[in-house]
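> Model the following, please.
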Amino acid sequence: MKTVEEILRIKGHATFVISPQAQVFEALQVMADKDIGALIVVENDRVVGIISERDYARKVILEGKASKTLPVSEIMTQEVRYVSPEATIEECSVLMTRERIRHLPVLKDGKLAGVISIGDVVNAIISDQAATIDNLHDYITGKYV
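Got it, this is the predicted structure:
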């Protein structure tokens, strides 16, 4: 089973972060510009939250608040679930399903080392399954003889 580190080696360690004092509108602009669904909220090199499109929809739009005057800290999710680079994709899948989250920050030695999404996890699972099928096919057809 693949690890988070293997996924990050392929997709890269680039992360997009925002300050808790930034305006929600700014966070939305970054997410739109980068075509991503969440930003990690960082203060003094420490992860303090995560803000997603879901947070915006539920905590700004539905409550009639103004995104141009509202700080990220008002709507970010503060209880951030995270994984280490050594975590397996299976562990991530279980955590993301159980907690109903779509993005997982990756922390190494307490520092942000990357972010994986549910899409990354699904792609890794599909890739592993395809490799298993190929190996079984080769075995059945006698390729390993």
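
> List the contacts of the residue positioned nearest the centre of the chain.
The C-alpha lying nearest the average C-alpha coordinate of the chain belongs to His103 (C-alpha atoms, centre = their mean; 2.6 Å). With contacts defined as C-beta atoms under 8 Å, 6 or more residues apart in numbering, His103 is in contact with 37-38, 50, 52, 115-118. The C-beta positions use only the backbone N, C-alpha and C, and glycine is treated the same way.

> Check His137 too.
Lys143.

> And the closest residue to Ile18 other than its chain neighbours, how far from Leu70?
Nearest residue to Ile18, sequence neighbours excluded (C-beta to C-beta, 6 or more residues apart in numbering): Leu39, at 4.6 Å. Computed as C-beta to C-beta, to the nearest Å, the Leu39 to Leu70 distance reads 15 Å.

> for the strand or helix carrying Ala32, packing partners?
Using DSSP states H and E, Ala32 sits in helix 24-34. Other helices and strands packing on helix 24-34, by 3 or more C-beta pairs under 8 Å, 6 or more residues apart in numbering; DSSP states H and E, are strand 17-18, strand 38-43, helix 53-56.

> got the CA coordinates for stretch 16-26 in PDB?
Backbone C-alpha positions of stretch 16-26 (Å, rounded to 0.1, in the frame of the first residue of the first chain) are rendered in PDB as follows:
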ATOM      1  CA  PHE A  16      -1.300  27.000  -0.400                       C
ATOM      2  CA  VAL A  17      -1.700  28.800   2.900                       C
ATOM      3  CA  ILE A  18      -3.400  31.800   4.200                       C
ATOM      4  CA  SER A  19      -3.300  33.800   7.400                       C
ATOM      5  CA  PRO A  20      -6.200  33.700   9.900                       C
ATOM      6  CA  GLN A  21      -6.400  37.500   9.700                       C
ATOM      7  CA  ALA A  22      -6.900  37.500   5.900                       C
ATOM      8  CA  GLN A  23     -10.400  38.200   4.500                       C
ATOM      9  CA  VAL A  24     -12.500  35.200   3.400                       C
ATOM     10  CA  PHE A  25     -12.800  36.900   0.000                       C
ATOM     11  CA  GLU A  26      -9.000  36.700  -0.400                       C
END
